[in-house]
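Visitor: pasting a predicted model and its sequence here:
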Amino acid sequence: QVQLVESGGGLVQAGGSLRLSCAASGRTFSSYTMGWFRQAPGKEREFVAGISWNGGGSTYYADSVKGRFAISRDNAKNTVYLQMNSLKPEDTAVYYCAARPGITVVVSSVQYSTWGQGTQVTVSS
């Protein structure tokens, strides 16, 4: 079982950048596919980005962030990152890191078995 702790959120102006980190504990981190989700007030949790277990494999992005966000992982550090550039006010949300066993990136939150506590990202206009 893996435990997840996010960090790196904060307040940024539109057009700015933030990098979120998700530190995982557990020796099997490298065998998990990792995802980032977000949830804005009054909205459902939505998929943002995912990366397959072997790191150099598949990445997948929601259309709303494609070309602006980049997900990566460092299995040696048990950490997954979300680099967010050209931020927009509509990116404001609580961002969650999630893990699922296996090699396939999926967009459905119910497929992820482990979640972090979330980190707030606020983009001002």
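Guide: That came through fine. Worth saying up front: this structure is predicted, and the values here are computed from it rather than measured.

Visitor: in the chain, where is pLDDT below threshold?
Guide: 27, 54-57 (pLDDT under 70).

Visitor: once you drop chain neighbours, what's closest to the residue minimising distance to the centre of the chain?
Guide: With distances taken as Cα atoms, centre = their mean, Trp36 lies nearest the centre of the chain, 2.3 Å away. In space, and not counting its chain neighbours, Trp36 is closest to Val48: 4.4 Å by Cβ to Cβ, 6 or more residues apart in numbering. Any C-beta I mention is one placed from the backbone N, CA and C, and that applies to glycine too.

Visitor: rewinding a little: helix, strand or coil: sort out the residue nearest to the centre of the chain for me.
Guide: The local conformation at Trp36, judged by DSSP: H, G, I helix; E, B strand; the rest coil, is strand.

Visitor: can you check Glu90 too?
Guide: helix.

Visitor: give me the distance between it and Thr122.
Guide: 12 Å (Cβ to Cβ, to the nearest Å).

Visitor: compare those two (neighbour count), which wins?
Guide: Each of Glu90 and Thr122 has its neighbours counted (other Cβ atoms under 10 Å); Thr122 has more, 15 against 11.

Visitor: beta-bridge partners for that one, please?
Guide: With DSSP bridges as the criterion, Thr122 is bridged to Leu11.

Visitor: what sits against it?
Guide: Neighbouring residues of Thr122 by Cβ atoms under 8 Å, 6 or more residues apart in numbering: 10-12, 92.
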